[in-house]
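*Asks:* return atomic coordinates for the entry below.
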Amino acid sequence: MSHTRRVLRRLCDIRTRARRSAVVHGSLDAGDARIARLHLSVMSQSLLNIAARQDGIMTRAQALAELSVGELRQRLARSWAMILPGIYATSRAGLTHRQRCRAALLYAGTSAQLADVTALAMYGVRYLPAESNVHVLIAAEQHRVSREFVVVRRTHRLSVPRQIDGLIYCQPERALVEAAARIGHPRTAHAMLSDAVSRGIAQLASLATEVGHVTGRGSGVARRAVAEIASGARSAPEVDFVRLCRSSPDLPEPLLNRVLVLPDGRRVIPDALFPDSPLIHEVNGREFHSGEDLFEDMQERHDAMTAAGLTLLHNSPRRIRREGAAVLAQVVACYRRLKGQPLPPGVRLLREDAA
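*Replies:* Coordinates of the predicted model:
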């Protein structure tokens, strides 16, 4: 018999005698007392399995299935830590992000799903605001409140859960629209959603469905962000430019991120193309362009469109925000000059369904 098994067997004997003879008053002999102290640093195989499976996090019910109340108190006094009501860490080292997520799920109950920016970080969505809280969704009939670092949101409409690497998450579309509404900042909302859609993390159709269920404060921000992405905008600067154009009665609504075929057969996706003219506007930066647009170099891309007979205007996101009036005046002047002209010979605009 191994040393650990002998210790655990002796401990069982000690616990049995303790319950029969009030050992807390000092009736243990010296050998039993030594082994009792050792028990504080030795976990049963069952507890070890739970700790390994749950990232070193354990519920009170799980602990008391193996320990007496007194033994649990001694562990908490010496080596364990209570991090949430009824939730313990089997070490006093600082919690990792994964341990915080695990603790939040165990605290929130069996229906819990990691949600909001917590889920979005795991899905790899960029442009998230810095936040240390862990967000969870739970079924409305469960009675849990936000505590410590855990933010609980109750719902009558849980999404189909996704289990990833042992943790439970809500669907990315649900996390996106709820995070956008909660944060309530239009540029942040659009940046998150456009990043998720352009990189295939979320589907636009599913976002449109999910946003229909969002109510309350911030819901308008989420709806506008989804509508802007549906119109073709793939970045916050593109949205800023479209809003600027809408402020002028002289400009039509630009076509966003549509595929043009150049005379040599290469495809290009300009940020904005003005109908009934060969005028294109580009926001400096290539991050949001589709894989259909194979130009690696901005100058090569610009030269190819110019050589095809298109007129290009470029502006940085910063200039669009800070010098909107000057940008708008430039665009209006160019559009007035080019209005009514068709696309240059050999340049074709693909239908959206053909793109």
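*Asks:* CA atoms for contacts and neighbours, from now on please.
*Replies:* Fine.
*Asks:* how far away from the center of its chain is stretch 174-192?
*Replies:* Centroid separation for stretch 174-192 versus its chain: 10 Å, with C-alpha atoms, centre = their mean, to the nearest Å.
*Asks:* list the buried ones in that stretch?
*Replies:* Within stretch 174-192, the residues that qualify as buried are 174-184, 186-192, counting by 16 or more other C-alpha atoms under 10 Å.
*Asks:* these in strands, which ones?
*Replies:* Using DSSP state E, no member of the buried residues of stretch 174-192 sits in strands.
*Asks:* which of those residues fall within helices?
*Replies:* 174-183, 186-192 (DSSP state H).
*Asks:* for stretch 269-278, measure first residue to last.
*Replies:* End-to-end span of stretch 269-278 (C-alpha to C-alpha, to the nearest Å): 14 Å.
*Asks:* pLDDT on it, on average?
*Replies:* Averaging pLDDT along stretch 269-278 yields 93.
*Asks:* show me how far that stretch is from its chain's centre.
*Replies:* Computed by C-alpha atoms, centre = their mean, the chain-centroid distance of stretch 269-278 equals 33 Å.
*Asks:* residues in contact with it?
*Replies:* Contacting residues not belonging to stretch 269-278 are listed as 238, 252-260, 279-283, 289-290, 292-293, 309-311, 335, 338-344 [C-alpha atoms under 8 Å, 6 or more residues apart in numbering].
*Asks:* so which strand or helix has the residue most central in space within the chain?
*Replies:* For the chain, the residue nearest the mean C-alpha position is residue 120 (1.0 Å; C-alpha atoms, centre = their mean). Element membership of residue 120, judged by DSSP states H and E, is helix 116-123.
*Asks:* which other residues reach that helix?
*Replies:* Among residues not part of helix 116-123, those counted as contacts by C-alpha under 8 Å, 6+ apart are 128, 133-136, 169-170, 172, 174-176, 178-179, 201.
*Asks:* change it to 7 Å
*Replies:* Contacts to helix 116-123, defined as C-alpha atoms under 7 Å, 6 or more residues apart in numbering, come from residues 128, 134, 135, 169, 172, 175, 176, 178, 179.
*Asks:* and stretch 72-90, by the same measure?
*Replies:* Outside stretch 72-90, the residues that reach it (C-alpha under 7 Å, 6+ apart) are 40, 56, 57, 58, 59, 60, 91, 92, 103, 107.
*Asks:* how about that stretch: buried residues?
*Replies:* The neighbour-count check on stretch 72-90 (16+ other C-alpha under 10 Å) flags 72, 75, 76, 80, 81, 82, 83, 84, 87, 88, 89, 90 as buried.
*Asks:* what would these look like in JSON lines with distance to residue 272 and secondary structure?
*Replies:* Shown next, in JSON lines, are the buried residues of stretch 72-90 (distance: C-alpha to C-alpha, whole Å; DSSP: H, G, I helix; E, B strand; the rest coil):
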{"residue": "72", "distance to residue 272": "65", "secondary structure": "helix"}
{"residue": "75", "distance to residue 272": "64", "secondary structure": "helix"}
{"residue": "76", "distance to residue 272": "62", "secondary structure": "helix"}
{"residue": "80", "distance to residue 272": "59", "secondary structure": "coil"}
{"residue": "81", "distance to residue 272": "56", "secondary structure": "strand"}
{"residue": "82", "distance to residue 272": "55", "secondary structure": "strand"}
{"residue": "83", "distance to residue 272": "52", "secondary structure": "strand"}
{"residue": "84", "distance to residue 272": "51", "secondary structure": "strand"}
{"residue": "87", "distance to residue 272": "53", "secondary structure": "strand"}
{"residue": "88", "distance to residue 272": "55", "secondary structure": "strand"}
{"residue": "89", "distance to residue 272": "54", "secondary structure": "strand"}
{"residue": "90", "distance to residue 272": "56", "secondary structure": "coil"}
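*Asks:* circling back: and the buried ones among the contacts of stretch 72-90, selectable in ChimeraX?
*Replies:* In ChimeraX, this line selects whichever of those come out buried by 16+ other C-alpha under 10 Å:
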select :40,56,57,58,59,91,103,107
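*Asks:* and the next helix or strand after the helix holding residue 120 with helix 116-123, angle?
*Replies:* Next helix or strand after helix 116-123 toward the C-terminus (DSSP H and E): strand 134-139. Relative orientation of strand 134-139 versus helix 116-123 (axes from the mean of the first three to the mean of the last three C-alpha atoms, to 10 degrees): 110 degrees.
*Asks:* alpha carbons only: can I get the following helix or strand past strand 134-139 in CSV?
*Replies:* Using DSSP H and E, the helix or strand that follows strand 134-139 towards the C-terminus is strand 150-155. Extracted in CSV, the C-alpha atoms of strand 150-155 (Å, rounded to 0.1, in the frame of the first residue of the first chain):
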residue,chain,number,x,y,z
VAL,A,150,-18.8,38.5,-11.9
VAL,A,151,-21.5,40.4,-13.9
VAL,A,152,-24.7,38.3,-14.1
ARG,A,153,-27.4,39.0,-16.7
ARG,A,154,-30.6,36.9,-16.4
THR,A,155,-32.5,36.1,-19.6
